[in-house]
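Colleague: sequence below, structure please.
(one chain, ligands or ions: 2)
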Amino acid sequence: MTHNAVELIKADHDKVESLYQQYQGATGDSPRQRTLVEKICRELEIHAALEESIFYPAVQAKLGTEGRDLVKEAVKEHKEMKQAISQLQTGSLTGANYDSTFRKMMSGVQHHVREEEGEMLPKAQRQMGPELDRLGQQMQRRKEELMAHQTTAGQSGQGTLAQRKTVAGQDVDGSSTIEHSIDVSVPVRTAYNQWTQFEEFPRFMEGVQQVTQLDDTHLHWQATVGGKDKEWDAMITEQVPDQRIAWTNTTGARNAGVVTFHRLAEDETRIMLQIDYEPEGVIENVGDMVGVVSARIRGDLQRFKDFIESRGTETGAWRGTVERPAK
Ligand SMILES: [Fe+2]
Ligand SMILES: [Fe+2]
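Modeller: Ligands and ions are numbered 1, 2, ... in the order given. Model prediction:
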């Protein structure tokens, strides 16, 4: 499914934020933090390139003087970010400096994202209309090209750290990110409320036998993965009613995700699900594995849609908020 430019940009922002949360959660495990830093830098480089080559020029053209000022400021912030990325990639920084350079860059990125989401994107949404779909398609194509480029650069042994990528959809640390979305014909509140009922997940998630809610933010999962029984604990890292739920596992192979809810109309909601996971054991063909998991997640979303649309109402709700860990 193709998303419009604003949705694509927000999905990228969410992905970077969720990776950064993983980084913060990995304190004391520096190899893992290193890997996450490299991954975040790659994401940001592609994201900035897409904005600068496709989205910003369109904003500038459509939003007049105001657009020009917003873009000028944004490009300046991208430039600072890119300087930090190249410092991180040259390998010249010592441990503590590496860490503080990265954290400083990320606080700049968070500020930049707040400005884009608070100002530029809402304005674009109001004033650019259907053009956003066309731009979204263009950005999606360009993104695939840039990712393919990272693949070839990595295989030929050339290119910077930022260009090292093994196969499409799989990152150097062995983890994969899968994104799917679906539109459901219920109000955003209903879709969100249902999603807070974790213990009901086995009703629509393939292979999930039981989810036990231990408290407001802790879950225990039992599922069959690749024919084997698995159990793991997960933690809700962020929850904002009618907007988003993010989680990460605390035991077992990495498995983190974020689901966001977008109001399309009174009775129409778009659910976007992004899963970041690490396949366990030796997988002979990672491409196949990604395909299998991807199809499964697509199926889960379709079953969630069927479930909630046929009931028309949620089975329960938890309307509390879980805040992101402090930066
Ligand atoms: Fe952005
Ligand atoms: Fe940006």
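Colleague: would you tell me what the next helix or strand after the lowest-mean-pLDDT helix or strand in the chain is?
Modeller: In the chain, no helix or strand scores lower on mean pLDDT, DSSP states H and E than helix 131-155, which sits at a mean of 75. Next helix or strand after helix 131-155 toward the C-terminus (DSSP states H and E): strand 176-184.
Colleague: packing partners of that following strand?
Modeller: Packing partners of strand 176-184 (3 or more C-beta pairs under 8 Å, 6 or more residues apart in numbering; DSSP states H and E): strand 268-277, helix 286-311. For glycine as for every other residue, the C-beta is placed from the backbone atoms N, C-alpha and C.
Colleague: out of these, which one sits most buried?
Modeller: strand 268-277 (a mean of 20; mean count of other C-beta atoms under 10 Å).
Colleague: may I have the strands that pair with it, each with its orientation?
Modeller: Counting by DSSP bridges, the strands paired with strand 268-277 are strand 176-184 (antiparallel), strand 255-265 (antiparallel).
Colleague: pull the CA atoms of the last one into CSV?
Modeller: By that I understand strand 255-265. Extracted C-alpha coordinates of strand 255-265, given in CSV (Å, rounded to 0.1, in the frame of the first residue of the first chain):
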residue,chain,number,x,y,z
ASN,A,255,10.8,-8.2,18.9
ALA,A,256,9.6,-4.6,19.2
GLY,A,257,6.8,-2.8,17.5
VAL,A,258,4.7,0.3,17.3
VAL,A,259,1.1,0.7,16.2
THR,A,260,-0.3,4.0,15.3
PHE,A,261,-4.0,5.0,14.7
HIS,A,262,-5.0,7.7,12.2
ARG,A,263,-8.5,9.1,11.9
LEU,A,264,-9.5,9.1,8.3
ALA,A,265,-13.2,9.9,8.9
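Colleague: what's in contact with that strand?
Modeller: 7, 10-11, 14-15, 18, 22, 183, 187-188, 191-192, 195, 232, 234, 238, 242-249, 269-278 (C-beta atoms under 8 Å, 6 or more residues apart in numbering).
Colleague: just the buried subset of these, please.
Modeller: Among the contacts of strand 255-265, those scoring as buried are 7, 10-11, 14-15, 18, 22, 187-188, 191-192, 195, 232, 234, 238, 242, 244-249, 269-278 (criterion: 16 or more other C-beta atoms under 10 Å).
Colleague: what's around Val37, how many residues?
Modeller: By the criterion of other C-beta atoms under 10 Å, Val37 has 25 neighbours.
Colleague: report the separation between it and Ala49.
Modeller: Computed with C-beta to C-beta, to the nearest Å, the distance linking Val37 and Ala49 is 19 Å.
Colleague: same check, this time on Gln197
Modeller: Distance from Gln197 to Ala49, by C-beta to C-beta: 40 Å.
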